[in-house]
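> My questions are about this predicted structure, shown below with the sequence.
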Amino acid sequence: MELATQLVLHSLAGFVQTAAVWARTGANDQRSGWTWPPYIVVPLLASALVYLLGLLKMRRHGSRVDVLPTFCFVAGWTSLVLALDSPLHEASEHWFWVHMTQHEILILVSAPLLVLGRPLVPLLWALPECWRGPVAELGRSRVFKRGWLLISAPLSAWLVHAAAIWLWHAPALFIAALDSEFMHAAQHLSFLGSALIFWWALIENHTGRLGHGGAVLYVFTTAIHTSVLGALLTFAPRVWYAPYEIRLAGHLTALEDQQIGGLIMWIPAGTLLTVIGLLLLIKSLTESERRWQYTRTAAMIRTAGGDGS
């Protein structure tokens with residue numbers, strides 16, 4: 001335990017020094033600029049414009065526009081911009097801990113907020129009226145429903161998300177993402193796409209096939225396996241991703257940089273998932289208590305009725 005504490009303090013000291021260097025040189029350093037790559041900016045702007053168009057059409061036709069989902073979508077979209085095109089994006093090429101922060105934003109911030117934003121209705125409204133009906137019919141078709149149920153089933157969603165996290169952190173694939181823009185984009189799409197399915201299964205489906213107890217297990221097991229990966233990165237005796245030994249800037253060594261990245265996955269991310277799991281557990285216990293009280297009350301009423309007769 002003492003060794004782990006010393007490791008954390010030493011890594012954090014290096015992190016603070018590096019962050020200070022980054023802050024001093026950020027304004028003039030290409031690594032910390034906004035680059036606006038078209039393959040990121042165009043989809044983000046297109047999604048925002050289509051969503052806004054859908055909201056305007058809904059208002060024009062008298063449909064209700066809920067404030068909370070709209071706020072969640074805007075917040076989720078903004079977090080995507082920050083993760084994919086802010087100084088984080090360029091800095092992630094030179095610091096592993098920044099890269100890990102970028103991934104955690106996509107998985108733990110952007111994805112759940114976008115699911116809570118319920119964007120499908122505004123996006124459907126944004127379509128031309130002649131397209132809206134056929135697209136809606138496609139969504140109600142048996143083939144589409146079966147495919148979606150297969151992908152979004154709790155076990156499938158859990159496995160796909162876990163596989164995306166572990167496979168992309170394998171040294172060969174992670175280094176390939178550092179060396180190739182195409183692979184880097186595929187990595188981010190995998191993280192975001194699997195996280196969207198993961199959070200949809202939890203948020204939209206936990207009262208159905210998943211159930212309250214299943215939702216608790218679903219979240220806790222994710223917290224465990226991501227924390228294990230974070231711990232492996234933190235306590236690894238050598239650097240997993242060799243390019244960072246060359247690209248690294250600041251006062252951190254490549255191993256310290258990796259240790260901070262592992263801590264980011266292990267402690268903040270693991271803690272957030274654990275808190276969500278505890279909240280779901282409390283909700284599950286409350287629901288069980290409520291059902292027990294209802295059953296007990298119903299039994300007492302039946303008994304009283306029987307005595308009265």
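On my side now, so go ahead.
> Please make it C-alpha for all contacts and neighbour counts, starting now.
Noted.
> per-residue pLDDT, the residue positioned nearest the centre of the chain?
By C-alpha atoms, centre = their mean, the mean C-alpha position of the chain lies nearest to Ile107, the distance being 1.9 Å. We have a pLDDT of 94 for Ile107.
> got a list of what it touches?
Phe191, Leu192, Ala195, Leu196 (C-alpha atoms under 8 Å, 6 or more residues apart in numbering).
> which pair in those residues spans the largest distance?
Maximum pairwise distance in the contacts of Ile107, criterion C-alpha to C-alpha, is 8.5 Å, between Phe191 and Leu196.
> By neighbours, which of the contacts of Ile107 wins?
Of all those, the most densely surrounded is Ala195 (27 neighbours; neighbours counted as other C-alpha atoms under 10 Å).
> For the closest residue to Trp97 other than its chain neighbours, which residues are in contact?
Distance criterion C-alpha to C-alpha, 6 or more residues apart in numbering; nearest residue to Trp97, sequence neighbours excluded, is Gly261 at 3.9 Å. Counting by C-alpha under 8 Å, 6+ apart, Gly261 makes contact with Phe96, Trp97, Val98, His99, Met100, Thr101, Gly230, Leu233, Thr234.
> nearest to Leu53, of those?
Ranked by distance to Leu53 (C-alpha to C-alpha), these are led by Thr101 at 32.0 Å.
> Which strand or helix spans the closest one?
helix 96-105 (DSSP states H and E).
> residues in contact with that helix?
79-80, 83-84, 88-89, 91-93, 188, 191, 244, 257-258, 260-262, 264-265, 269.
> Counting only strands, which of these make the cut?
When the contacts of helix 96-105 are checked against strands (DSSP state E), there are no matches.
> Among the residues you listed, which ones are in helices?
Counting by DSSP state H, the part of the contacts of helix 96-105 found in helices is 79-80, 83-84, 88-89, 91, 188, 191, 244, 257-258, 260-262, 264.
> Return the member of those residues nearest to Arg140.
Here the nearest of the ones in helices among the contacts of helix 96-105 to Arg140, counting by C-alpha to C-alpha, is Phe191; it sits at 27.2 Å.
> Trp166 is in contact with that closest one, correct?
No - the criterion here is C-alpha atoms under 8 Å, and Phe191 misses it with Trp166 at 10.5 Å.
> mind listing the strands for this protein?
For the chain, applying DSSP E gives no strands.
> By average pLDDT, which secondary structure element in the protein comes out worst?
Across the helices and strands of the chain, the lowest-confidence element by mean pLDDT, DSSP states H and E is helix 2-25, at a mean of 43.
> Give me the residue ranges of the stretch 1-150 of the chain where confidence is low.
Low-confidence segments of the stretch 1-150 of the chain (pLDDT under 70): 1-33, 139.
> what's the neighbour count on Val121?
13.
> how close does it sit to Phe235?
Between Val121 and Phe235 the distance is 46 Å, computed by C-alpha to C-alpha, to the nearest Å.
> Repeat that for Cys130.
Cys130 is 58 Å from Phe235, by C-alpha to C-alpha.
> Tell me who's in contact with Thr253.
Going by C-alpha under 8 Å, 6+ apart, Thr253 touches Glu245.
> ok, now with 6 Å
Not one residue lies near Thr253 by C-alpha atoms under 6 Å, 6 or more residues apart in numbering.
> Pull up the per-residue confidence for it.
85.
> do the same with the one 10 residues further on
Note on Leu263: pLDDT of 91.
> That one: how many residues sit nearby?
Residues near Leu263, counting by other C-alpha under 10 Å: 26.
> how near is it to Leu233?
Noted for Leu263: a distance of 8 Å to Leu233, by C-alpha to C-alpha.
> swap in Ala201?
Separation of Ala201 from Leu233 (C-alpha to C-alpha) stands at 28 Å.
> In terms of neighbours, single out the busier of the two.
More crowded of Ala201 and Leu233, by other C-alpha under 10 Å: Ala201, with 27 against 23.
> who's in contact with that one?
By C-alpha under 6 Å, 6+ apart, the neighbours of Ala201 are Ser152, Pro154.
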